[in-house]
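*Asks:* The following block contains a protein sequence and its predicted model.
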Amino acid sequence: VQLQASGGGLVQAGGSLRLSCAASGSIFRINHMGWYRQAPGKQRELIATITNGGSTNYEDSVKGRFTISRDNAKNTVYLQMNSLKPEDTAVYYCLADHSASTLSGSIRYWGQGTLVTVSS
């Protein structure tokens, strides 16, 4: 399974960006999908997840500003980011938990990361 993230870039504070991450390869079932980010000099943090049924969870700092969604037919997860702040500047990584069969557990796969820079 490969994950390809896109949509990062430079935006002014208060602006918006939409990240996308498409999974490809030999896919049986993708369970959770989500997004991490890692800011310069900081630890990686999980900011949003979504189940294959559409239930979502957000880290407190992005609640009300970011929205995660997914298109199961396209094996793609999205992150709509609004009201961006300079502290949202980070490399954003997508994740997907994949099961190779009904009897197997999940393996977590990662995208390559996409840089989001928010200027003040």
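*Replies:* Thanks, I have it.
*Asks:* After the helix-or-strand element of the chain with minimal mean pLDDT, which helix or strand is next? Please name it.
*Replies:* When the helices and strands of the chain are scored by mean pLDDT, DSSP states H and E, strand 106-110 comes last with a mean of 93. With elements assigned by DSSP states H and E, the helix or strand that comes after strand 106-110 is strand 114-119.
*Asks:* What mean pLDDT does that next one get?
*Replies:* Averaged across strand 114-119, pLDDT comes to 97.
*Asks:* for that strand, packing partners?
*Replies:* The contact analysis (3 or more CB pairs under 8 Å, 6 or more residues apart in numbering; DSSP states H and E) places strand 114-119 against strand 9-12, strand 17-24, strand 90-99. Any C-beta I mention is one placed from the backbone N, CA and C, and that applies to glycine too.
*Asks:* Please name the residues that touch the residue positioned nearest the centre of the chain.
*Replies:* Nearest residue to the geometric centre of the chain (CA atoms, centre = their mean): W35, 2.7 Å. W35 sits next to 19, 21, 46-49, 68, 77, 79, 92-95 when contact means CB atoms under 8 Å, 6 or more residues apart in numbering.
*Asks:* Please apply the same query to Q2.
*Replies:* The neighbours of Q2, taking CB under 8 Å, 6+ apart as the test, are A23, S24, G25, Y109.
*Asks:* Pairing-wise in the sheet, spell out the partners of the nearest residue to R70 once chain neighbours are set aside.
*Replies:* Nearest non-adjacent residue to R70, counting by CB to CB, 6 or more residues apart in numbering: V77, 4.6 Å away. Beta-bridge pairing of V77 under DSSP bridges involves C21, R70.
*Asks:* Next: D97.
*Replies:* Counting by DSSP bridges, D97 forms beta bridges with R108.
*Asks:* Can you check the distance spanned by stretch 98-106, start to finish?
*Replies:* 5 Å (CA to CA, to the nearest Å).
*Asks:* List the buried residues of it.
*Replies:* By 16 or more other CB atoms under 10 Å, the buried positions in stretch 98-106 come out as H98.
*Asks:* hang on, S61 in a helix?
*Replies:* Yes - under DSSP: H, G, I helix; E, B strand; the rest coil, S61 falls within a helix.
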